[in-house]
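Engineer: got a predicted structure plus its sequence, pasted below:
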Amino acid sequence: MLFQVRMDVDIPRDLDPALREDVVARERAYSQELQRGGEWAHIWRIVGHYSNISIFDVASNARLHEILSALPLFPYMRIEVTALTEHPSAI
Ligand SMILES: O=C(O)CC1=CCC(=O)O1
């Protein structure tokens, strides 16, 4: 199942810098593990925003929820999920 996910990151300005660095490093490692495994198929920066558009290829809605809710940056993100299916005109 394919999903487009938009993540808008909003880390509080007063968050301890060491904690911020740790969370961002864990986020990177977690996302790269899922990219290597194929479930996180694409990640693109949205120009001019601390946001990304990602494509996930996962077995179920529940699996996507599991992945997203375990993101280290999850407490500091707004997440919007769009389910995708093949377009009949796609070649
Ligand atoms: O920087 C972001 O857009 C948040 C993020 C998601 C995965 C990652 O490595 O960073």
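Structural biologist: Received the coordinates, thanks.

Engineer: just the strands in this protein please.
Structural biologist: Remark: strands assigned in the chain by DSSP state E are 2-9, 40-45, 51-57, 77-84.

Engineer: sheet-wise, list the partners of the third one with their directions.
Structural biologist: Using DSSP bridges, strand 51-57 pairs in its sheet with strand 2-9 (antiparallel), strand 40-45 (antiparallel).

Engineer: now for residue 63: which residues touch it?
Structural biologist: Residue 63 makes contact with residue 39, according to C-beta atoms under 8 Å, 6 or more residues apart in numbering. In this view, the C-beta of every residue, glycine as well, is placed from N, C-alpha and C.

Engineer: ok, it to residue 69 distance?
Structural biologist: 11 Å (C-beta to C-beta, to the nearest Å).

Engineer: give me the neighbour count for the spatially closest residue to residue 26 that is not a sequence neighbour.
Structural biologist: Nearest non-adjacent residue to residue 26, counting by C-beta to C-beta, 6 or more residues apart in numbering: residue 72, 4.1 Å away. Residue 72 has 17 neighbours, counted by other C-beta atoms under 10 Å.

Engineer: can you redo the strands of the chain as TSV with distance to residue 18 and mean pLDDT?
Structural biologist: Listed next are these as TSV, based on distance: least, C-beta to C-beta, whole Å; pLDDT from 0 to 100:
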stretch	distance to residue 18	mean pLDDT
strand 2-9	18	98
strand 40-45	25	98
strand 51-57	24	98
strand 77-84	20	98
